[in-house]
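Participant: need a 3D model of the following:
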Amino acid sequence: MSDVWNFFVKNNNNTSAQCNKCNKTFKWNSTHGTSSLKKHLSTHDINIQSNIKRPILIKKTEIPPDELADINEKYVNFVIKNCQPFRLSEDIYFVNFVDALNQDYKLLNRKQTRTKIEQLYDSKKILIVETLKNLNQKFSISLDVWTSIKNEQYIGVHIHFIHNFILKKYVIGFDKIHDQKAETIAEKLNDIFTDFELDTSNILSFTSDNCNTMKLTCDLLNNKVDDNNRSFNFFGCFAHIINLIIKESVLSSETIIKARDLAFVIKNSPKIINILENIALTNNTIFTTIKCDVPTRWNSSYIMIDSLIKNKNILTKVTSTNILKLKEWNELVTIKSLLEPFYDLTKIVSASKYPTIGLAYSVILSIYKYLNIFSENNKFKHKSVLMKEKFTKYFEFLNQEYFISMILDPRFKLKLLDEQQKNDIMEIIKNTFEKYQLEFNNKNKVEDQEKKIKHNTQISLFPPEIISNEIDTYITSPIVNQNTDILEWWKNNHDSYKILSIMATDYLAIPISSVSVEELFSAAGEIITDQRNRLQSDIIKKIMCLQNWII
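Facilitator: Sure, this is the predicted structure:
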């Protein structure tokens with residue numbers, strides 16, 4: 001019991017307490033504690049200490065400045081990487097824990113923590129800017145827009161590149177925007193590019209979800225690039241396109257809607273879950289967790305369907321969960337079989353730790369193959385035809401970067417192309433090679449050949465054999481195993497293919513999905529919550545960037 005009751009008397013209903021010193025009565029109940037009573041006692045020069053007391057230290061040793069700075073940075077890194085609130089240093093149990101580890105260390109307060117985060121952001125940003133300035137190569141951009149729990153809109157931006165044959169990505173933007181118009185997004189992107197001193201003429205690609213707003217944003221940015229009319233192409237996020245195709249052709253059926261309702265009811269009813277678990281126990285089987293889907297991610301619908309089918313024998317034994325007819329269960333099994341290959345392919349194209357652009361055409365052909373197989377089966381025919389129509393709509397025309405990247409992937413090269421495609425793509429490869437060789441020679445101050453040729457001439461800048469030797473040697477060499485680390489392969493072979501290896505580091509960095517940006521938003525959702533929603537947008541941006549920059 002608190003020492004405060006040595007000076008107060010509770011009334012019979014425990015709704016008020018009377019001070020023994022001055023007879024004043026105060027409202028009180030057990031829910032609100034005794035803080036107001038302690039405050040009153042202080043007017044009588046009586047100070048009641050908390051029952052949870054911080055250890056009293058007789059003497060503290062001063063930590064050397066370098067060691068203190070290192071500890072502070074580690075604490076700040078912990079706060080950033082684990083999405084901890086700045087008030088962590090005020091939590092008495094955490095304070096006691098830190099004291100037990102090092103009684104000489106005093107935790108940073110809220111203001112000091114914020115200041116350290118800002119200083120760390122500034123120092124890391126200088127290094128990022130310097131790294132990007134020294135690249136001397138192309139880079140790719142992926143972005144998306146997110147709405148927080150406060151209904152505020154943010155744009156998340158990644159820059160992708162390959163350095164020393166290692167795929168890299170940096171968060172360079174997590175900025176608040178006032179609307180989602182293309183003009184607003186393009187203006188904010190230009191601000192970000194300026195802030196990081198990026199040369200926009202080096203942008204090779206722009207990946208985002210497949211909406212018209214993002215396509216228009218890309219066009220607006222292209223209009224601002226003035227480098228011999230150089231432009232970069234828009235890449236619709238593969239995962240998003242597959243999501244659209246499947247949602248429009250498969251996931252709008254009545255059976256899926258009923259399955260979704262069933263999953264929601266079970267997930268949110270401990271009573272039903274308990275009944276299902278008991279039935280499973282009685283029947284010597286296991287009840288596995290029912291998953292609900294997320295409207296923006298079709299693969300979550302696949303997981304939901306799979307979880308329902310696994311529990312079918314249990315669900316059909318309970319009246320409240322036996323809402324699907326046999327025909328509808330069979331349709332769910334059919335849909336699951338139809339979607340399973342797409343689920344696996346979506347995981348492949350959503351990866352961000354290895355190059356995916358070279359896989360794009362292979363994935364497209366695989367999807368067509370699956371749809372053709374399904375269309376021959378009466379059970380799948382209708383839905384597969386719908387999906388094929390949607391799929392053709394999005395992938396009828398492909399950017400040439402898809403094919404250049406596939407050629408530069410030593411696992412594929414020309415393997416997947418017909419003869420006409422081979423001829424067309426090889427012409428593009430040779431033209432692109434010439435441009436790279438010119439830039440390569442310019443950087444190495446090879447000016448003697450340039451003086452012989454007028455600016456903007458259409459004549460080949462180099463003898464055809466110089467072009468054909470490197471390209472032909474590469475194309476005619478055997479393709480490598482599908483499990484080969486292609487960046488490691490280019491690292492080991494860049495001396496043999498000096499120009500092609502430069503092209504590979506540019507083109508293979510193109511992301512074919514914006515999933516990495518969506519992962520950024522998931523982290524942001526842990527920072528901006530119902531309980532933590534007063535952080536200003538500038539400090540949120542710095543935390544989100546540092547989460548990526550801190551190794």
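
Participant: all contacts plus neighbour counts: C-alpha atoms, from now on.
Facilitator: OK.

Participant: show me where the chain has strands.
Facilitator: Assigned by DSSP state E, the strands in the chain fall at 8-10, 16-19, 25-27, 139-147, 153-163, 166-177, 203-208, 233-236.

Participant: now tabulate these in JSON lines and tack on mean neighbour count.
Facilitator: As requested, the strands of the chain are exported to JSON lines (neighbours: other Cα atoms under 10 Å):
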{"stretch": "strand 8-10", "mean neighbour count": "18"}
{"stretch": "strand 16-19", "mean neighbour count": "19"}
{"stretch": "strand 25-27", "mean neighbour count": "15"}
{"stretch": "strand 139-147", "mean neighbour count": "23"}
{"stretch": "strand 153-163", "mean neighbour count": "23"}
{"stretch": "strand 166-177", "mean neighbour count": "21"}
{"stretch": "strand 203-208", "mean neighbour count": "24"}
{"stretch": "strand 233-236", "mean neighbour count": "22"}
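
Participant: Ile241 contacts Ser208, correct?
Facilitator: No - in terms of Cα atoms under 8 Å, Ile241 does not count as a neighbour of Ser208; the distance is 10.4 Å.

Participant: Ile543 contacts Asn82, correct?
Facilitator: No - using Cα under 8 Å, Ile543 makes no contact with Asn82, being 10.5 Å away.

Participant: pick out whichever of these two has more residues nearby.
Facilitator: Ile543 (25 against 13; other Cα atoms under 10 Å).

Participant: which pLDDT value belongs to the more buried one?
Facilitator: Ile543 is assigned 96 on the pLDDT scale.

Participant: apart from its neighbours in sequence, what residue is nearest it?
Facilitator: Leaving aside its chain neighbours, Ile543 sits nearest to Ile80 (6.0 Å; criterion: Cα to Cα, 6 or more residues apart in numbering).

Participant: what do you get for Arg532?
Facilitator: Closest to Arg532 by Cα to Cα, 6+ apart is Pro85, at 7.6 Å.

Participant: residue ranges with poor pLDDT in the stretch 151-300 of the chain?
Facilitator: Along the stretch 151-300 of the chain, the model assigns pLDDT under 70 to residues 224-231, 296.

Participant: now with 80?
Facilitator: 223-231, 244, 247-252, 295-298 (pLDDT under 80).

Participant: ok, which stretches of it are helices?
Facilitator: Using DSSP state H, counting those that start in this stretch, the helices of the stretch 151-300 of the chain run over residues 182-195, 212-223, 238-249, 254-267, 270-282, 298-310.

Participant: in TSV, list these along with distance to Leu127 and mean neighbour count.
Facilitator: Shown next, in TSV, are the helices of the stretch 151-300 of the chain (distance: least, Cα to Cα, whole Å; neighbours: other Cα atoms under 10 Å):
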stretch	distance to Leu127	mean neighbour count
helix 182-195	13	17
helix 212-223	26	18
helix 238-249	32	21
helix 254-267	47	17
helix 270-282	51	15
helix 298-310	38	21
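
Participant: any idea which of those helices gets closest to Leu167?
Facilitator: Closest approach to Leu167 among the helices of the stretch 151-300 of the chain is made by helix 238-249 (19.1 Å; Cα to Cα).

Participant: nothing else from me, thank you.
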